[in-house]
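Visitor: got a sequence here, can you build the structure:
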Amino acid sequence: MSRKAAVFFSALALFLAVSAPAQACVGKSLVIGSVNRPNLSVMSEMLGILITERTGTTVVLRSFDSFPSLMEAMKKGDVDIMIDYSGRCYVDVLGMQPDGSSEKVFSTVKEVYQRDKNQVWLEPFGFSETGVIAGKGSGAPAFAAPIVRKDTLAKFPALPRVMNKLAGKIDNGIITRLTSEGTNGKAKKATRKFLKDNKLI
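Guide: Here you go, the predicted model:
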């Protein structure tokens, strides 16, 4: 073997040794759980595609029949990310009285979840479910947003930056359109097109 060839193979071996841990990170996987509702299922598909395209991480989607069963899976660590409504959590999970201030509801839920449940609310997508926390005749929107386990964020520190690219991008009109386009197993196609059209992937 010539001296040049020996130097080349030595350099190649060093490169492979150094890059191995980075390649190993690609093999990690995340589980996104959603309750079996069309709009939440569509958003789970979108998050899965966004995360995979941006980070190379494998994403597994799991569907649940109810919020309690999904929340239990999050608590156990069987699910890393879920999507929920701030108003639903404010009333049904925290046991608070309905409040007309959507900002207060979101900030309260975010604070309590981070403190007591080790789960972090990221920025809302932009669409809401009005009437969920209607109080004294005045309905306040219940923002839909992703929730991530703290230990998941420790393993995947880039997740907030990636997922928050969808913050405020999907209003009620857009989610209605995507839900309609995503029927009959076409959710992945519809959400991928949206991400590409908006230069998110």
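Visitor: secondary structure class for P98?
Guide: With DSSP: H, G, I helix; E, B strand; the rest coil as the basis, P98 sits in coil.
Visitor: tell me which helix or strand the residue most central in space within the chain sits in.
Guide: When Cα atoms, centre = their mean is applied to the chain, the residue found nearest the centroid is P146 (4.5 Å). Under the criterion of DSSP states H and E, P146 resides in strand 144-149.
Visitor: related to what we said a few turns ago, from G95, how far off is the residue nearest to the centre of the chain?
Guide: From P146 across to G95, the span is 23 Å (Cβ to Cβ, to the nearest Å). Using the backbone N, CA and C atoms, a C-beta is placed for each residue, glycine as well.
Visitor: so what's the residue count around S102?
Guide: Residues near S102, counting by other Cβ atoms under 10 Å, number 20.
Visitor: confidence score at it?
Guide: Predicted confidence (pLDDT) for S102: 85.
Visitor: do the one 3 residues further on as well
Guide: On the pLDDT scale, V105 is placed at 90.
Visitor: need the residues that contact the strand holding P146.
Guide: 39-40, 43, 47, 74, 77, 79-86, 106, 113, 118-125, 127-129, 159-160, 163, 175 (Cβ atoms under 8 Å, 6 or more residues apart in numbering).
Visitor: now do stretch 164-184
Guide: 38-39, 41-43, 45-47, 50, 54, 122-128, 144, 187-191, 194, 198, 200.
Visitor: give me the buried positions along that stretch.
Guide: By 16 or more other Cβ atoms under 10 Å, the buried positions in stretch 164-184 come out as N164, K165, L166, K169, I170, I175, L178, T179, E181, G182.
Visitor: can you check stretch 30-48 too?
Guide: Buried-residue list, stretch 30-48, by 16+ other Cβ under 10 Å: 30-35, 39-48.
Visitor: ditto for stretch 61-73
Guide: Buried, per 16+ other Cβ under 10 Å, within stretch 61-73: L61, F64, F67, L70, M71, A73.
Visitor: how far does it sit from its chain's centre?
Guide: 14 Å (Cα atoms, centre = their mean, to the nearest Å).
Visitor: next: stretch 28-38.
Guide: The answer for stretch 28-38 is 8 Å, by Cα atoms, centre = their mean.
Visitor: let me know the average pLDDT across it.
Guide: 92.
Visitor: same thing with stretch 48-62?
Guide: 95.
Visitor: stretch 148-162 now?
Guide: pLDDT averaged over stretch 148-162 gives 95.
Visitor: residue boundaries of the strands in the chain?
Guide: Secondary structure of the chain (DSSP state E): strands located at 29-35, 58-64, 81-85, 119-121, 144-149.
Visitor: turn those into a markdown table, columns for distance to S101.
Guide: Formatted as a markdown table, the strands of the chain follow (distance: least, Cβ to Cβ, whole Å):
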| stretch | distance to S101 |
| --- | --- |
| strand 29-35 | 25 |
| strand 58-64 | 29 |
| strand 81-85 | 15 |
| strand 119-121 | 16 |
| strand 144-149 | 16 |
